[in-house]
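1. Can you look at this prediction? I've put the sequence above it.
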Amino acid sequence: MAAKGGTRISVVLPAQNEEETVGEIVRTIRRALMERVPLVDELVVIDSRSSDDTALVATAAGATVVAQDDVLPALPPLSGKGEALWKSLAVTTGDVVVFVDADLRNFSPHFVTGLVGPLLADPSLAYVKACYDRPLIEGGPDGGPDGGPDGDSGTGGCASAPTDGGRVTELVARPLLNMCWPELAGFMQPLAGEYAGRRSVLESVPFVCGYGVELGLLVDLVEKVGLDGIAQVDLGIREHSHQSTAALGRMAAQIIDTAWSRLHRRGLVSMDEPPSTELVQFSRTAGGYRPLRYDAQVPERPPMVEVLRADPRPVPSGEVDR
Ligand SMILES: O=c1ccn([C@@H]2O[C@H](COP(=O)(O)OP(=O)(O)O)[C@@H](O)[C@H]2O)c(=O)[nH]1
Ligand SMILES: O=C(O)[C@@H](COP(=O)(O)O)O[C@H]1O[C@H](CO)[C@@H](O)[C@H](O)[C@H]1O
C-alpha cells in the first residue's frame, strides 16, 4: 500500500451479458481491494448493451454501473468492446486504469494487484499486460467452443490442455504480430483482456471499437512509449466463457482489419486496393448452406484527450463517484 501513495486506481469491467460472472468478480474486488485493503478507489462496470441482468447484478454486488450509450451522448453511439473501454475513460477518475473482462470464471484479486504493482513500483512503465495459461473450458454456459449461439455441436464440460484457449491469439494475432511487429513477439498473451495503464497514456491513443482494441492498443502504445514502457506479468491461469468458433471468426476479422489499418499508417501496405471488409460465413440449411454476411470493418475512437478538450469530462447524472 505504501507504493500506492496518492495514486488513484480505477478498475473497469466491460460487460455484455455477463450476469453469471460479473457479480462474483465485483464482490471479490470490493471485499479484498476496497474494504479490506483500500487499494482500488473506483470500480466501474460498463454495461455494453446487455440484454440480461448484468447491470442489476453488478449494482447489487457494489459496482458503479454505467450504460455505454449514456456516456458522451453527443457522439453517435458505436458498438463493441473497445467502445466500452474507451467510454470508461470519460467516466472514471483513476490515475491508473485496470481493465478486467467480466466473464472470468477463476477471478482472484491478484489479477488486479499483479497488474497495478509494476505501475506503482516503476514510474517509467506506462502499460502492463497480463499473461497466463488459457485452458479451453469446453461446454461452458454458452455452450463453449462450437456450442455457442451459432448452433454448432457442443462438447462435454471439462477443461482441455492449459494452452488450448486463446484460439484467436494462437491462430491469428500471434502469427500477425510475429510477421509484422516482431518487436512484439515477446508478448505471450497479446489479446489478454486484463491489462492496466496510466490514464495519461490511455487517453492519448485511439481505441478500436470492437475486438481489435487489444491489438490496436499494443501496437499504438509500443510506438508511443517504446517496448521498455510496457511490461507483462504472469498471473498463472485464466478461465473465461468461450465463444463459438464462428464468433471467433468474426473477432479474427476485426483483428485483421485493425492490423491492416496499422500497417497502412506505417506505410507498409497501400490502400490503392483496400481489403474487403465483408466477412461471409455459412450456416447449414435444409437445402444446403446460407451465406451470412458480416461487416468486419471496425471504427475507432480518437484519443480521449482530444474529445475531453472539446467537452470537459461529462458525467451521467450522479452515476459515478468523483
Ligand atoms: O460489445 C462488447 C463485447 C464484449 N464485451 C465484454 O468484453 C469482455 C471480453 O469479451 P468476450 O468475452 O466476448 O471475448 P472473449 O473473451 O470470448 O474473447 C467481456 O467481459 C464482454 O462482456 C463488451 O463489453 N462489449
Ligand atoms: O485470445 C483469444 O484468442 C480470444 C478467445 O479466447 P478463447 O479461445 O475463447 O479462450 O480472447 C481474447 O481476445 C479478445 C480480442 O482481443 C479480447 O477482447 C478478450 O478479452 C480475450 O479473452
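-> Good, I have the coordinates. Numbers count the residues shown, from 1 in each chain. Ligands and ions are numbered 1, 2, ... in the order given.
2. Mind pulling the model confidence for the residue nearest the centre of the chain?
-> Residue closest to the average C-alpha location in the chain (Cα atoms, centre = their mean): residue 193, at 4.3 Å. Per-residue confidence at residue 193 stands at 98 (pLDDT).
3. Then residue 138?
-> On the pLDDT scale, residue 138 is placed at 73.
4. So which residues on the chain come close to ligand 2?
-> Within the chain, the positions near ligand 2 by Cβ under 6 Å from any ligand atom are 81, 101, 134, 136, 165-169, 191, 193, 211, 214, 240, 242-243, 248, 251. No exception for glycine: its C-beta is placed from N, CA and C like everyone else's.
5. Output those of these also counted as contacts of ligand 1.
-> Near ligand 1, by the rule Cβ under 6 Å from any ligand atom, you find 81, 101, 193, 240, 243 out of those.
6. Report the buried residues of the helix or strand harbouring residue 23.
-> Applying DSSP states H and E as the criterion places residue 23 in helix 22-30. Buried positions in helix 22-30, judged by neighbour count with 16 or more other Cβ atoms under 10 Å: 22, 23, 25, 26, 27, 28, 29, 30.
7. Name the nearest residue to the first one, ignoring sequence neighbours.
-> So that's residue 22. residue 102 (4.4 Å; Cβ to Cβ, 6 or more residues apart in numbering).
8. Checking my notes, that neighbour in a helix, right?
-> No: Residue 102 is assigned coil when assessed by DSSP: H, G, I helix; E, B strand; the rest coil, not a helix.
9. Share the number of residues neighbouring it, please.
-> 32 (other Cβ atoms under 10 Å).
10. quick one on the thing from earlier: format the buried residues of helix 22-30 as TSV; extra columns: pLDDT.
-> Output for those, formatted as TSV (pLDDT from 0 to 100):
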residue	pLDDT
22	98
23	98
25	98
26	98
27	98
28	98
29	98
30	98
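11. Would you format these as a markdown table with distance to ligand 1 included?
-> Below are these laid out as a markdown table (distance: Cβ to the nearest ligand atom, whole Å):
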| residue | distance to ligand 1 |
| --- | --- |
| 22 | 8 |
| 23 | 13 |
| 25 | 9 |
| 26 | 12 |
| 27 | 16 |
| 28 | 15 |
| 29 | 14 |
| 30 | 18 |
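12. where does the stretch 201-322 of the chain come near ligand 1, residue by residue?
-> Contact residues, the stretch 201-322 of the chain versus ligand 1 (Cβ under 6 Å from any ligand atom): 240, 241, 243.
13. Most neighbours among these, which one?
-> residue 243 (24 neighbours).
14. tell me which element residue 131 falls in.
-> Assigned by DSSP H and E, residue 131 falls in strand 127-133.
15. before we move on, what about residue 235?
-> Short version, using DSSP H and E: residue 235 is in strand 230-237.
16. again, but for residue 58
-> Counting by DSSP H and E, residue 58 is part of helix 54-61.
17. does ligand 1 sit close to that helix?
-> No: Helix 54-61 stays out of contact with ligand 1 when judged by Cβ under 6 Å from any ligand atom, the minimum separation being 7.9 Å.
18. Dihedrals phi and psi, residue 301?
-> phi -100, psi 150 (degrees, to the nearest 10).
19. wait, what's in contact with the residue nearest to residue 13 when sequence neighbours are not counted?
-> Excluding the flanking residues, the one nearest residue 13 by Cβ to Cβ, 6+ apart is residue 102, at 4.3 Å. Neighbour list for residue 102: 13, 14, 15, 18, 21, 22, 25, 45, 54, 58 [criterion: Cβ atoms under 8 Å, 6 or more residues apart in numbering].
20. Let's see that with 7 Å instead.
-> Counting by Cβ atoms under 7 Å, 6 or more residues apart in numbering, residue 102 makes contact with 13, 14, 15, 18, 21, 22, 25, 45.
21. any idea which of these is closest to ligand 2?
-> Here the nearest of the contacts of residue 102 to ligand 2, counting by Cβ to the nearest ligand atom, is residue 14; it sits at 8.4 Å.
22. quick one on the thing from earlier: out of the contacts of residue 102, which two are the most distant from each other?
-> Maximum pairwise distance in those, criterion Cβ to Cβ, is 12.6 Å, between 14 and 21.
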